[in-house]
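**Q** Got a sequence here, can you build the structure:
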Amino acid sequence: MNSTLLRALVPALLAAAAIPASGFEGVPVANPKVAGQSQPNVLTPELVETPVAQGATRLENPAVVVLPSGAAAPVTFYGYDENTSFVPLPGDVQAPGHSVEATKTEPDKNTYLVLHGQRGADPGYDYGSHFLFQGHETGKVGYFTRVNLDADSLHRVTLMAATDVTGAPLPTFDGSTWNPFARRLLLTAEAGSAGGVWQATLDVPSQVQDLAGSMGRGGYEGIQTDPDGNVWIVEDVGGPTGSVNKLARQPNSFVYRFVPEQRNDLTHGKLQALQVRSLRTGQPIAFHAGQADADILSADTGDLRTYGNVFDTRWVTLHDTRTDGSTPYDANALAKARLATPFKRPENGQFRPGTGFREFFFDETGDTNAGTQAGAQFGGFGGVFKLTQRSPSSNEGHLSLFYRGDAAHTGLDNVAFFDRDHVVFVEDAGDGLHTQRNAFDSAYLFDVREDYSVPSRQPVRILALGRDASATLDAAYSAAGNGFQNEGDNEITGIHVSDGDASPSGLLGARVPALFQRGWRAFYTQQHGDNVTWELLPAAQDGNPLE
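**A** Residues are numbered from 1 along each chain as shown. This next block holds a predicted model:
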């Protein structure tokens, strides 16, 4: 399809009648996991999907990055390192030190922007105005890309950068968001004490700067900006397992807020972490080093995952560039030392639209193991929390459990609001739990007005993810071991709903989404396997094509 036709078609599709999120019929069951068999994705009847990019898409401007070891790392494809074939060749055998297929880069969180005057590798080409930015979670070298949604196949994906302003290779990135005040794309690396936040310009090649001197090092994933210019960061760091509770992990991750001195400068300010007060003692619920078993099953851990409980919260300052300087620091270690409250891998969060940024919903992934000794009662299957404050810059607030996960609804990861009252959380349960429960991942739509403490009330499954042929093959190689490096089953990531407004008015949470109307679009990535990024579209109504 040529770019002119595509540009004309997409607005027509988005002009279709809006689908009220409350009207989704849903998908009855998850796709089962059957050894050696692939499965197609199943969407609620009101939705269809179309690919916008996939792993084998060649970058319009490939590059070669020199690693610290001196080795050359080609960056050529959207979802593959160019280190061997994309599928195992006949007779090739996986062995330690030898891979039968190329390492997959796994495009991750999506950020959609409508921009004008964007350039690429071809100075004479019109790249249009609709773009999808992504970091890549794995690979030999980190980089981030721009999917040019209006472009033809030869100009479809642009490499934005693979090195920072010092020439150092970038880390692999998980999360992303747009900061309209600094006019920078923010990218997060979920790499523990080597992770953090990087800011990037929108030009090609992008100028990328490490913000570890202001925001610290941490296993950062989810990231959002509020209208006061604060940057909210959600950390995903798995804790130690217990010596008795060997299938459960100690809460070990934190929710952060970076308060810049000036909204347009993210290199100076203070990093804070959320602290929750115990209902029993009034003291902070904190991490206890060397006491994994005690924290896994503590009364406070159970209280946090109990419906109806409301906790007082406050933000504690970990680091201030005015007094502490701009040397990179370990945010996770400081959060523990300052008695911030750890959670069980809270990967992502988002502000509820229409609330003036006073309600922030974030998830916990949990232990991703059906045998977790924590069970649902102590957060073994994760869930969703709601943080309420008088304003996004308030120092105090209240935290409550919105939804407590179970084995069928767990591994919650990325999040997007479809309208004011409906939010979608998607699963990343992992190969092991897929096998244990005989079910692949799903995307669930929740009504934030609902009381999910009533057992009969459950979210609506709007997507039952399948497994493509490439991921099915990878799952078999992964199970066999022998040093196979790629993930197996597909997962859902990067669920994203936006109208692409790059101004402060376009911050996620500033306006109530009108899905498929007035430029609002929805995307997600089917990570692993073929690494396809999809756009969600409304299905034809009454058997008639969309107009």
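
**Q** shaky segments in the chain?
**A** 1-21, 541-547 (pLDDT under 70).

**Q** Go ahead and confirm Arg314 touches Leu399.
**A** No - Arg314 is beyond contact range of Leu399, at 10.6 Å (criterion: Cβ atoms under 8 Å). Using the backbone N, CA and C atoms, a C-beta is placed for each residue, glycine as well.

**Q** out of those two, which sits in the busier spot?
**A** Set Arg314 next to Leu399 and count neighbours by other Cβ atoms under 10 Å: Leu399 wins out with 23 against 15.

**Q** Could you report the neighbour count for Gly371?
**A** Gly371 has 14 neighbours, counted by other Cβ under 10 Å.

**Q** The closest residue in space to it that isn't next to it in sequence is in what secondary structure piece?
**A** Of all residues not flanking Gly371 in the chain, Leu247 sits nearest, at 4.6 Å (Cβ to Cβ, 6 or more residues apart in numbering). For Leu247, there is no enclosing helix or strand under DSSP states H and E.

**Q** so the residue nearest to His528 when sequence neighbours are not counted, which of the three states?
**A** Spatial nearest neighbour of His528, excluding adjacent residues (Cβ to Cβ, 6+ apart): Glu487 at 4.3 Å. With DSSP: H, G, I helix; E, B strand; the rest coil as the basis, the three-state label of Glu487 is coil.

**Q** Glu487 against Glu106, yeah?
**A** Yes - under the criterion of Cβ under 8 Å, Glu487 makes contact with Glu106 at 7.2 Å.

**Q** what do those two both touch?
**A** Counting by Cβ atoms under 8 Å, 6 or more residues apart in numbering, the common neighbours of Glu487 and Glu106 are Thr138, Gln527, His528.

**Q** So which of those wins on neighbours?
**A** Gln527 (29 neighbours).

**Q** Against Gly488, how distant is that one?
**A** Between Gln527 and Gly488 the computed distance is 11 Å (Cβ to Cβ, to the nearest Å).

**Q** Which parts of the stretch 201-350 of the chain are strands?
**A** With DSSP state E, counting those that start in this stretch as the criterion, the stretch 201-350 of the chain has strands at 208-210, 220-225, 231-235, 255-262, 265-276, 310-320, 349-351.

**Q** The nearest residue to Val42 once chain neighbours are set aside bridge partners, please.
**A** Nearest non-adjacent residue to Val42, counting by Cβ to Cβ, 6+ apart: Ala464, 4.3 Å away. In this entry, Ala464 is beta-bridged to Val42, Ser442, by DSSP bridges.

**Q** Wait, Ala464 touches Gly26, no?
**A** No - judged on Cβ under 8 Å, Ala464 makes no contact with Gly26 at a distance of 9.6 Å.

**Q** Those two: which has the busier surroundings?
**A** Just comparing Ala464 and Gly26: by other Cβ under 10 Å the higher neighbour count belongs to Ala464, 23 against 18.

**Q** Can you tell me the element the residue lying farthest from the centre of the chain falls in?
**A** Relative to the centre of the chain, and counting by Cα atoms, centre = their mean, the farthest-placed residue is Gly91 at 37.3 Å. Counting by DSSP H and E, no helix or strand carries Gly91.

**Q** Ala476 versus His155, what's the distance?
**A** When distance is defined by Cβ to Cβ, His155 is 36 Å away from Ala476.

**Q** Burial check on the closest residue to Gly509 other than its chain neighbours, number of neighbours?
**A** Using Cβ to Cβ, 6+ apart and skipping the chain neighbours, the partner closest in space to Gly509 is Phe351 (3.1 Å). Neighbourhood size, Phe351 [other Cβ under 10 Å]: 24.

**Q** Distance-wise, check His434 relative to Gly219.
**A** Distance from His434 to Gly219, by Cβ to Cβ: 23 Å.

**Q** Asn41 now?
**A** Applying Cβ to Cβ, the value for Asn41 to Gly219 is 29 Å.

**Q** Relative to Val65, which of the shared contacts of Glu487 and Glu106 is nearest.
**A** Using Cβ to Cβ, Thr138 is the member of the shared contacts of Glu487 and Glu106 that sits closest to Val65, with 15.0 Å.

**Q** how much space between the nearest residue to the closest one once chain neighbours are set aside and Gly430?
**A** Nearest non-adjacent residue to Thr138, counting by Cβ to Cβ, 6+ apart: Glu106, 4.8 Å away. Using Cβ to Cβ, Glu106 is found at 14 Å from Gly430.

**Q** So the two - more neighbours on which side?
**A** Shown here are Glu106 and Gly430; by other Cβ under 10 Å, Glu106 has more neighbours (24 against 19).

**Q** was I right about that one contacting Asn531?
**A** Yes - contact status for Glu106 versus Asn531: in contact at 6.1 Å, counting by Cβ under 8 Å.

**Q** so what's in contact with those two at the same time?
**A** Gly79.

**Q** Okay, and the beta partners of Phe77?
**A** Beta-bridge partners for Phe77, by DSSP bridges, are Arg58.

**Q** Remind me which helix or strand Gly432 belongs to.
**A** Under the criterion of DSSP H and E, Gly432 resides in helix 431-437.

**Q** just how off-centre is that helix within its chain?
**A** Here helix 431-437 is found 21 Å from its chain centre; the criterion is Cα atoms, centre = their mean, to the nearest Å.

**Q** what does that helix rub up against?
**A** 33, 368-371, 407-408, 410-411, 429, 440-441, 475, 478, 487-489.

**Q** just stretch 207-217 next, same as before
**A** The contact list for stretch 207-217 (Cβ under 8 Å, 6+ apart) reads 161, 163-165, 170, 187, 192-201, 231, 233, 256, 258, 260, 266-269, 271, 318-319, 321, 325-332, 334.

**Q** again, but for stretch 326-339
**A** So stretch 326-339 is contacted by 192-193, 196, 210, 212-219, 235, 237, 252-254, 256, 267-268, 271, 273, 275, 284, 286-287, 289, 316-319, 342 (Cβ under 8 Å, 6+ apart).

**Q** Mark which of these are buried, thanks.
**A** Buried members of the contacts of stretch 326-339, scored by 16 or more other Cβ atoms under 10 Å, are 192-193, 196, 210, 212-219, 235, 237, 252-254, 256, 267, 271, 273, 275, 284, 286-287, 316-319, 342.

**Q** As CSV, could you dump the C-alpha coordinates of stretch 103-119?
**A** The C-alpha trace of stretch 103-119 is given here as CSV (Å, rounded to 0.1, in the frame of the first residue of the first chain):
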residue,chain,number,x,y,z
THR,A,103,19.1,-12.7,19.1
LYS,A,104,15.7,-10.9,19.1
THR,A,105,15.6,-7.2,20.3
GLU,A,106,12.0,-7.3,21.5
PRO,A,107,10.4,-3.8,20.8
ASP,A,108,8.7,-2.8,24.0
LYS,A,109,6.6,0.2,25.3
ASN,A,110,4.9,2.3,22.6
THR,A,111,4.7,6.1,22.6
TYR,A,112,2.6,7.7,19.8
LEU,A,113,3.1,11.3,18.7
VAL,A,114,1.8,13.5,15.9
LEU,A,115,4.7,15.6,14.8
HIS,A,116,5.4,17.8,11.8
GLY,A,117,8.6,18.3,9.9
GLN,A,118,10.2,15.1,11.1
ARG,A,119,13.2,13.9,9.1
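
**Q** Please point out which parts of that stretch sit buried.
**A** Buried residues in stretch 103-119, defined by neighbour count with 16+ other Cβ under 10 Å: 103-114, 118.

**Q** Check stretch 190-199 too.
**A** Across stretch 190-199, burial judged by 16+ other Cβ under 10 Å covers Glu190, Ala191, Gly192, Ser193, Gly195, Gly196, Val197, Trp198, Gln199.

**Q** Which one of those is nearest to Ala71?
**A** Nearest to Ala71 among these is Ala191, at 19.6 Å by Cβ to Cβ.

**Q** Identify the residues contacting that closest one.
**A** Contact analysis of Ala191 by Cβ under 8 Å, 6+ apart lists Pro171, Thr172, Gly219.

**Q** one more time with 6 Å, if that's ok
**A** Counting by Cβ atoms under 6 Å, 6 or more residues apart in numbering, Ala191 touches Pro171.
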